[in-house]
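Asker: below are the sequence and a predicted model for it; my questions follow.
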Amino acid sequence: MAAPRIIVVGGGLAGLAAVIKIAEAGGHVDLFSIVPVKRSHSVCAQGGINAAKNLKGEGDTTWQHFDDTIYGGDFLANQTPVKAMCEAAPGIIDLLDRMGVPFNRTPEGLLDFRRFGGTLYHRTAFAGATTGQQLLYALDEQVRRYEVDGHVHKYEGWEFLSAIVDGKGACRGIVAMNLRTMEVRAFQAEAVILATGGNGAIFGKSTNSVVCTGSAQSAVFQQGAYYANGEFIQVHPTSIPGEDKLRLMSESARGEGGRVWVPRTPGDKRPVKQIPESERYYFLEEWYPKYGNLVPRDVATRAIHEIVYEHGLGIDGQPMVYLDLTHIDRETLNRKLEGILEIYEKFVGDDPREVPMKIFPGMHYTMGGLWVDNNQMTNIPGLFACGECEYQYHGANRLGANSLVSCIFGGFSVGPIALKYAKNVDAAEGDGGAAAEIARQTEMNQQLLKNEGNENPFRIWRELGVTMTEHATVIRYNKGLKQADEKIVELLDRFQNVSLADRTQWANTSFAFTRQLYNMLELSRVIVQGALLRDESRGAHYKPDFPERNDEKFLKTTKASFTGAPEGPRFEYEDVDTQFIKPRPRRYDAAK
Amino acid sequence: MAKTVKFEIKRQAGPEAPAVWENFELEWRQGMNVISAMMEIAANPVTADGKATTPITYDSNCLEEICGSCAMRINGKARMACSALVENLEQPIKIEPLSKFPLVRDLQVDRSVLFENLMRVKAWVPVDGTYDLGSGPRVFPQQQEANYPLSNCISCTCCMEVCPQFNEATGFVGAATIAQVKLFNNHPTGKVFKEERLRALAGDGGIQECGYAQNCVEACPKQIPLTNAISDVGRDVVVQKMKDFLRG
């Protein structure tokens, strides 16, 4: 039999990790990415990567890491895969170290670790404050090595449009579009791995990169894949609001001792440095004495919201609070946090070593994603998923520095599984459905190109972002969620009248964007309706009208499936695997 | 009328198409950067004289100056568009594509030559495998602090754009690749390929093409010590050439 063909879509940490495992086992991979893989969104991760290496004499264990992750995720994550991830994490750090990641070091030359949110241990390995960049480069370099060997063929500048699904419902390849020539082509394969990241663009402005639209996930959802826990969206407590995006200000700023505060007097007019210690309200430290500034992100984000909108204590009456590093010496700041301090300096103009930063929560991470089984396979046989685009490692809230480890672990897990599947699967009948799928995608493109209407896709997108941010982020009310769903239906309707200002067939970025936009609209209904149905509060999903967690009714994975009907997706619920740690109340104002 | 910002953007529908300049006048907004201006144009693609046009094609992704995508020439200077804040720029703001790389469309160019160069110099650490082999080599903080800045290269190619020697006649690899050679030659395991990397930089298009204009280090948005890297690697290349000569 010919060597199996495997496709990986997405060249961030998860995708590259999968590629490396397959190439190492002698397999051949076609790697698809919208951007050159070295420019993938993983590059934005800043603070670090978690692994219970216990190099600080604290008695940290992989079980503690497991327990912190499950507790931090408010018990919604299936425990078997999370346990395996935490057990694998120390070995992953060692491997990255061997690959040359310039992790920060102790004087003795060992790996240094910092604290992060939702744990009391120093468990986060880091390379300055650009850990994601350094990790991505390390994997990118290994993949380049396999590219030279001929094990990997990169298709950079190609966008995934859809899966090829055969008559029996199995995935047999993908249809992708060349973003220069706009050519639509079928690529056949025995197994396909999606590693396409999060969906921040659905919220308009977020900390995510431009390519993080969720378009690929939505496309396969519309082809029959389950989408799980879509309503769980992480809003990071500390971002820098901008005109084009919200820039992340890493949790590592607090891990290294950064303090969040506001003046106790509303609208205090004094220059910030002249406000005495006694008149500063360190609300996280007062409300959560045990964890202080390092409570999990959902908790910190809600606290900042409460300070700003209920106590009216935002700086100058604006939705902003201080994140203060000025009490830490410059040398330490430069050694451990330089990357993020530079971002603040460049984009805001102030030096955070001298003046406290002004920050506010911003949409950051997609906990939900494609439903996968314990083999990282979706319900479409042959279609796998790993990384942020799937749902299984973070439950209702992700702990900081767990994303990098979940991406790499997911990629490392799925690579060998997909290879094995590809070797054993029966050959496709005929073309496996390729011609039919090409025809379907071409028809969609033709329709879009000849559409005559008065709607601009970028304006529809802005309206979507405003609606989603207002109703489906930090605080959720059923009334607002219903309004949001109605708005999305209106936008879907208006999408039919989208008229492209550019109808050429060469490097037409707005055409590609408009295809993504439709998928964003479909996926946003999964988020909004999933949130509407979940009448409880759990992790990042918070409803003031249902402030308690309700395990009896909602200790369940939400599974959405596409119907094509006007009322939107169909929802069902699946029990959560809680075989190792019994759910207990989650509170961070005391030791757990 | 509210305060506005003027832009002149060089447009080119394709590699063979003629270049034309289009002017735009946008409403000023606090914190505006070149990217947010182009997003605004996409949402309302009309020139300053009211003519309908198309959204501008450009590369971008992270918008935090870490992915290296959005390099272009802004008021004549090669830099990242995301960190180009409008309030710091003289108007009209002139935007052009990088000039040393094959043009794709508008502000989008093909910079894949850098990734090809990284293959030529084996810019990786050859690990035995991804299975668990225990911890990596011990690295002291002083060494980490020397290597980390080199590892910050975002492949934006600004250093290549501004280099007078980076052109078709010389075939020069450019500063970014040389800095990566230094990085991997410094690594306890990576240095196993040190000789091969130095030989790859020894011939035509190699390090000898550098004319020490020092534009690279000034243009680098990440303040990578590129000229130091070039002189260190240059010395190693000369030593390697002598060794190879003596070995016959």
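Answerer: That came in fine, so what should we check first?
Asker: state the number of residues packed around residue 220.
Answerer: Just going to use chain A. 29 (other Cβ atoms under 10 Å in any protein chain shown). Glycine gets a C-beta too; all of them are placed from N, C-alpha and C.
Asker: hmm, no, I was thinking of chain B.
Answerer: Neighbours around residue B:220, by other Cβ under 10 Å: 23.
Asker: pretty sure it contacts residue B:228?
Answerer: No: counting by Cβ atoms under 8 Å, residue B:220 does not reach residue B:228; the two are 11.9 Å apart.
Asker: which non-adjacent residue is nearest the residue nearest the centre of chain B?
Answerer: Nearest to the geometric centre of chain B sits residue B:157, at 1.8 Å (Cα atoms, centre = their mean). Nearest non-adjacent residue to residue B:157, counting by Cβ to Cβ, 6 or more residues apart in numbering or on different chains: residue B:111, 4.9 Å away.
Asker: could you check how far the one you found is from residue A:542?
Answerer: Distance of residue B:111 to residue A:542, computed by Cβ to Cβ, to the nearest Å: 44 Å.
Asker: residue B:210 now?
Answerer: Residue B:210 is 58 Å from residue A:542, where distance means Cβ to Cβ.
Asker: residue A:415 against residue A:16, yeah?
Answerer: No: between residue A:415 and residue A:16 there is no contact under Cβ under 8 Å: 10.2 Å.
Asker: residue contacts, residue A:545?
Answerer: A:477, A:478, A:535 (Cβ atoms under 8 Å, 6 or more residues apart in numbering or on different chains).
Asker: local confidence estimate at the last one?
Answerer: The reference is to residue A:535. For residue A:535, the model assigns a pLDDT of 98.
Asker: Three-state assignment for the closest residue to it other than its chain neighbours, please.
Answerer: Nearest non-adjacent residue to residue A:535, counting by Cβ to Cβ, 6+ apart: residue A:546, 4.7 Å away. Following DSSP: H, G, I helix; E, B strand; the rest coil, we place residue A:546 in the coil state.
Asker: may I see the buried residues of stretch A:351-370?
Answerer: Neighbour-count burial for stretch A:351-370 flags A:352-353, A:355-370 (criterion: 16 or more other Cβ atoms under 10 Å in any protein chain shown).
Asker: the helix or strand harbouring residue A:302 packs against which elements?
Answerer: Assessed by DSSP states H and E, residue A:302 sits inside helix A:297-305. The contact analysis (3 or more Cβ pairs under 8 Å, 6 or more residues apart in numbering or on different chains; DSSP states H and E) places helix A:297-305 against strand A:233-241, helix A:283-287, strand A:357-366.
Asker: now the stretch 351-500 of chain A against chain B: closest residue?
Answerer: The stretch 351-500 of chain A approaches chain B most closely through residue A:458 (3.9 Å), counting by Cβ to the nearest Cβ.
Asker: cool, and the stretch 251-400 of chain A?
Answerer: residue A:346 (4.9 Å).
Asker: what sits against the closest residue to that residue other than its chain neighbours?
Answerer: Residue nearest to residue A:346 in three dimensions, not counting chain neighbours: residue B:83, with 4.9 Å by Cβ to Cβ, 6+ apart. Counting by Cβ under 8 Å, 6+ apart, residue B:83 makes contact with A:346, A:347, B:33, B:65, B:221.
Asker: let's see 10 Å
Answerer: Applying Cβ atoms under 10 Å, 6 or more residues apart in numbering or on different chains, we find residue B:83 in contact with A:342, A:343, A:346, A:347, B:33, B:34, B:35, B:63, B:64, B:65, B:70, B:221.
Asker: packing partners of the longest helix seen in chain B?
Answerer: For chain B, the longest helix by residue count, based on DSSP state H, is helix B:226-247. Judged by 3 or more Cβ pairs under 10 Å, 6 or more residues apart in numbering or on different chains; DSSP states H and E, the packing partners of helix B:226-247 are helix B:141-150, helix B:175-186, helix B:194-200, helix B:215-219.
Asker: my read: residue A:311 touches residue A:262, true?
Answerer: Yes: with contact defined as Cβ atoms under 10 Å, residue A:311 reaches residue A:262; the gap is 8.3 Å.
Asker: the two: which is more packed in?
Answerer: Of the pair residue A:311 and residue A:262, residue A:262 is the one with more neighbours under other Cβ under 10 Å, namely 23 against 13.
Asker: need the pLDDT of the more buried one.
Answerer: With respect to pLDDT, residue A:262 scores 97.
Asker: perfect, I'm done here.
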